[in-house]
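*Asks:* For reference, the sequence and a predicted model appear below.
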Amino acid sequence: MKGNFSVSRILFISSEHTGCGHKSITEALSKQLRLLSPDIQFTVIDGFDLGSRILRSSSRGYDSFAVKFPALWGLIYRLSSPFKQLVNWFVAHNIRKSLLEKIDAFHPDVIVSVHNLFIGSVINVLDRAHLSIPVISLIADLDNVTSLWADKRAKYIICPSDEAEQRMLKAGMSQDQLFHTGFPTRSDFCDLKLPKKPDLRHMRKNFISILLMSGSQGSTQVLKIAKILLSDEKIHLTIIAGHNTALIKLMESTLSPYIGKRVTIYGFIKEVKARMMEADLLIMRASPNVLMEAVNLCKPVIVTGALRGQEAKNPHFVLKHRLGLYCKDLRQLPTMISALLENDGEQLLQIAQNQYEFKKPESARKITELLIQTAKEPNALKISQSLEHSLTD
């Protein structure tokens, strides 16, 4: 073992290639850590990179696989719960040596996983090596939560919603183990100065500005939506197409008569908040991170679908909590938008008000305070010959 062990350390296990949601969560918590406890050291690693080529390639192929084969991905996700022990055994076997090497180099006081594959599997590795490092499971989904997030050996399970908490209780977790927060979003989207009653009087202008988001991997559905919406001359579109360069070129060609007049197209950008703030309405897939960022900014949304598996229930989550609308038939979008604009945007204003009452911009701070408290607790971490033997097995 190396380093100054008097300094508290947090090891985050995330994922760099399965969308951008896990990265957004660790970015939000990292920033809070720097603000609240700059003396604590932390590092973020990609759990998939700890494993074999099979594990690494599965993460890099996730985006295209989930989009191209949604039914198959949904089936795999559903099977993760009944085959939980097998999944944890397989992942633990793959990551064991690399994880122990990371622990030996960094000496964490707590391990925080924001990906469901690295809860039970990580605890299995620690148990076999006789290491008593507390593990915290930070659920990165809103609803339809897999039981892979649940492990009675975890120190805490952080639940971002009532639905996630109820799923963990149903999976046999104790109430004392659960830490109920809102969804942790980056500080840029946690504006505490928003007025109590969102004001949409500017909707009296003669056009509506809509931000159309397609996710980090891009989707051709965005082009279909754009064509439908542009039939209404009052609609101005800003489109974020993600990393999909082929889609960007196709849209630039197809929508060329509108570009510079009623359409602006971006690829993958970091200025997402600025684009959201400029828009009157957001149309998106029901991705939890982007959805909760919009809610924190009190920006009304229409969700047009969700990935199978972890996002499957998110459209109904939006409806249940009155955070926006769900459009199953894209042809109905113009009608839905017209209804939202009636009476100077009365329905838009109501949705924004619902979002204001629902949002929890302090979530990332509350979670970070728990991590700091856990990291600074005296832990019975004993790394001795057992770890050395584990590294050489």
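*Replies:* Noted; the coordinates are in hand.
*Asks:* ok, Ser209 touching Leu229?
*Replies:* No: if you go by C-beta atoms under 8 Å, Ser209 and Leu229 don't touch, sitting 11.6 Å apart. From N, CA and C alone the C-beta is placed, and that goes for glycine too.
*Asks:* Which of the two has more residues huddled nearby?
*Replies:* Leu229 (22 against 17; other C-beta atoms under 10 Å).
*Asks:* And that one, how far from Leu247?
*Replies:* 17 Å (C-beta to C-beta, to the nearest Å).
*Asks:* if I pick the residue positioned nearest the centre of the chain, what's in contact with it?
*Replies:* Among the residues of the chain, the one closest to the centroid is Gly21, at 3.2 Å (C-alpha atoms, centre = their mean). Contacts here follow C-beta atoms under 8 Å, 6 or more residues apart in numbering; on that basis Gly21 touches Ala140, Ser287, Pro288, Asn289.
*Asks:* Can you get me a residue count around the second one?
*Replies:* A count of neighbours around Ser287, defined by other C-beta under 10 Å, yields 23.
*Asks:* Ok, the third one next?
*Replies:* A count of neighbours around Pro288, defined by other C-beta under 10 Å, yields 25.
*Asks:* Same check on the one 5 residues further on?
*Replies:* Look at Glu293: counted by other C-beta under 10 Å, it has 23 neighbours.
*Asks:* How about it, nearest residue that isn't a chain neighbour?
*Replies:* Phe189 (4.2 Å; C-beta to C-beta, 6 or more residues apart in numbering).
*Asks:* So that neighbour versus Ser174, what's the distance?
*Replies:* 32 Å.
*Asks:* next one: Ile240
*Replies:* Distance from Ile240 to Ser174, by C-beta to C-beta: 42 Å.
*Asks:* These two - which one has more neighbours?
*Replies:* More crowded of Ile240 and Ser174, by other C-beta under 10 Å: Ile240, with 24 against 10.
*Asks:* Now do the contacts for the more buried one.
*Replies:* Counting by C-beta under 8 Å, 6+ apart, Ile240 makes contact with Leu211, Leu212, Met213, Ser214, Tyr266, Gly267, Phe268, Ile269, Val272, Arg275.
*Asks:* what does Lys102 give?
*Replies:* Lys102 neighbours (C-beta under 8 Å, 6+ apart): Leu11, Ile45, Leu50.
*Asks:* let's see it at 10 Å
*Replies:* Listed by C-beta atoms under 10 Å, 6 or more residues apart in numbering, the contact set of Lys102 reads Leu11, Ile13, Thr43, Ile45, Leu50, Ile95, Pro108, Ile111.
*Asks:* Repeat that for Lys170.
*Replies:* For Lys170, the contact set (C-beta under 10 Å, 6+ apart) comprises Val145, Ser147, Ala150.
*Asks:* Export the residues you listed to a markdown table and append columns for secondary structure, neighbour count and pLDDT.
*Replies:* Shown next, in a markdown table, are those (DSSP: H, G, I helix; E, B strand; the rest coil; neighbours: other C-beta atoms under 10 Å; pLDDT from 0 to 100):
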| residue | secondary structure | neighbour count | pLDDT |
| --- | --- | --- | --- |
| Val145 | coil | 26 | 91 |
| Ser147 | helix | 18 | 94 |
| Ala150 | coil | 25 | 96 |
